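Colleague: How does the following fold in three dimensions:
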Amino acid sequence: MEYIQRAIEDIVLHSDKTFKSVLITGARQTGKSRMIKELFPDKKYVAIDDPFIEDQAINNPNMFMMLNQPPVIYDEVQRAPELFRFIKIACDERTDKGLFCLSGSQPLELMEKASESLSGRVGIIELLPLSQREIDRVAFTQPFLPTMAYISERNQSVKKPGNLWERIHRGGYPELQDPDVDWGIFFSSYVKTYLERDVRKLTAVQDLNDFRRFMVAVAARTGQMVNYANIADEISKDQTTVKAWMSILEASGIIYLLEAYTPSVLKRAIKTPKVYFRDTGLAAYLTRWLTPETLANGAMSGPFFETYVISEILKSYANRGIDYRYCVSYYRGRDKLKKKKNGDTVEVESEIDLIIEENGILYPIEIKESTAVSADETAAFTVLDKVNDKKRGTGAIICACPQPGMLRENILQIPAWYI
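Modeller: Numbers count the residues shown, from 1 in each chain. Next comes the predicted model:
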């Protein structure tokens, strides 16, 4: 299959020149190995998921390091965590940059080990599934912000997809960009491999079928606030187990927990995080939406559209090497707003789907799958005016509208493909 150039390649190359080691993390099948081989064809490649090599790296790491001298690539390094201590020693003994290129598919665990063992010696980079920009072969790399300046820049290279729901349903894993690869077979194999390798590696799950049911339950709640009790009841497990398993999904890059925005001045803010699957294709497979058409017209179309938008925004930051965890959140408060629904006025809790913070400015975003939206749907944005030490910036509704536009002063409508 043709290699799809990744937006983060320049960050990887720069890190290789400025650090003694580089660690590429990300979920299984996001394209880490392929990208590393493309970028560093002259470095020796060692795949630690090979059983013989894994055994050597674990039981005789000193000999393993002698046989595989830098500059070298250690792929799936999480399978031999004993190596980190020896990599540290090798880094301290030499002054060269770009000695080790490491990769692995347990992002949070790997980041912790690398931070502990290789502090100051490693550049850590997260590779997410393909973004719509990468799929469209667009060179635009600016992180998303709902501003006129961003829209003006993005307009130069934007490509409207022929069918957005086909893209949402297929997902962003590189292998699936080959139309000859069967969607169902790919994800069946993906889930099986993930359960048997990553889940067993991260925890002592006795029955993998229980964990599979848990994954399905979480996928059915993508775009919703986490309710551990509700999930526990559905899969007949206790909440402690559910919380531990949720951490596994997050640690292996399957989900993202979007934290609530809870400054002290917003006393009625709800603190529960929201859960989003990293890849909409995997979520669709687990929840048995087998075609783009059934997904687009089904009961979960709204949450899936929101999951896709959130995922694309996070990719726009991750692909610039920006740790987005410190600049994105959502808001939901117990203060009531009056809204029109089916001709009736109803009271709902105020909610802002996403808040991006940059340089002390809060950019509120509402996400709607419809093609026609109204500025009235952004009434909750004004709650951010209560935050004294921050300024509310331009807000937006990201939707399926045909073109960007101004709904009212300081409120934009932005098509999802402009992210």
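Colleague: Tell me where the stretch 151-300 of the chain has helices.
Modeller: Using DSSP state H, counting those that start in this stretch, the helices of the stretch 151-300 of the chain run over residues 164-170, 183-193, 200-202, 208-219, 228-235, 239-251, 280-286, 292-296.
Colleague: The helix or strand where residue 10 lies - contacts with which helices or strands?
Modeller: Per DSSP states H and E, residue 10 falls inside helix 9-18. Helices and strands touching helix 9-18, by 3 or more C-beta pairs under 8 Å, 6 or more residues apart in numbering; DSSP states H and E, are strand 21-25, helix 32-39, strand 122-126. The way it works is simple: take the backbone N, C-alpha and C, and place the C-beta from them, glycine included.
Colleague: Would you give the sheet partners of the first one, along with the direction of each?
Modeller: If I follow you right, that is strand 21-25. Strand pairing for strand 21-25, using DSSP bridges, gives strand 100-104 (parallel), strand 122-126 (parallel).
Colleague: Could you dump those into a markdown table and include distance to residue 270?
Modeller: Below are the strands paired with strand 21-25 laid out as a markdown table (distance: least, C-beta to C-beta, whole Å):
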| stretch | distance to residue 270 |
| --- | --- |
| strand 100-104 | 35 |
| strand 122-126 | 28 |
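Colleague: Sketch out the low-pLDDT regions of the stretch 51-200 of the chain for me.
Modeller: Residues of the stretch 51-200 of the chain that meet the criterion pLDDT under 70 lie in 106-117.
Colleague: my read is residue 382 is in a helix, agree?
Modeller: Yes - checked against DSSP: H, G, I helix; E, B strand; the rest coil, residue 382 lies within a helix.
Colleague: tally of neighbours for it?
Modeller: For residue 382, the tally of surrounding residues (other C-beta atoms under 10 Å) stands at 13.
Colleague: Show residues contacting stretch 326-338.
Modeller: Stretch 326-338 is contacted by residues 225, 258-261, 266, 268-270, 274, 313-314, 317, 345-358, 364, 379-380, 383-384 when judged by C-beta atoms under 8 Å, 6 or more residues apart in numbering.
Colleague: Counting neighbours, which of those residues end up buried?
Modeller: Among the contacts of stretch 326-338, those classed as buried by 16 or more other C-beta atoms under 10 Å are 225, 258, 260-261, 266, 269-270, 274, 313-314, 317, 350, 352-356, 364, 380, 383-384.
Colleague: taking these one by one, which sit in strands?
Modeller: 225, 258, 274, 350, 352-356, 364 (DSSP state E).
Colleague: Show me this structure divided up by domain.
Modeller: Using automatic domain parsing, the domain parsing of the chain gives 9-127, 133-418.
Colleague: Endpoints of the shortest one, how far apart?
Modeller: The first and last residues of domain 9-127 sit 10 Å apart, counting by C-alpha to C-alpha, to the nearest Å.
Colleague: Off-centre distance for that domain?
Modeller: 21 Å (C-alpha atoms, centre = their mean, to the nearest Å).
Colleague: what does the longest one give?
Modeller: Between the mean C-alpha location of domain 133-418 and the chain-wide mean there is a distance of 9 Å, by C-alpha atoms, centre = their mean.
Colleague: what does stretch 41-50 contact?
Modeller: With C-beta under 8 Å, 6+ apart as the test, stretch 41-50 has contacts from 33, 36-37, 53-54, 57, 68-69, 71-77, 79-80, 101.
Colleague: So for it, what gets flagged as buried?
Modeller: Using 16+ other C-beta under 10 Å as the test for burial, stretch 41-50 gives 43, 46, 48-49.
Colleague: Pull up the distance across that stretch, start to finish.
Modeller: Length of stretch 41-50, first residue to last, C-alpha to C-alpha: 20 Å.
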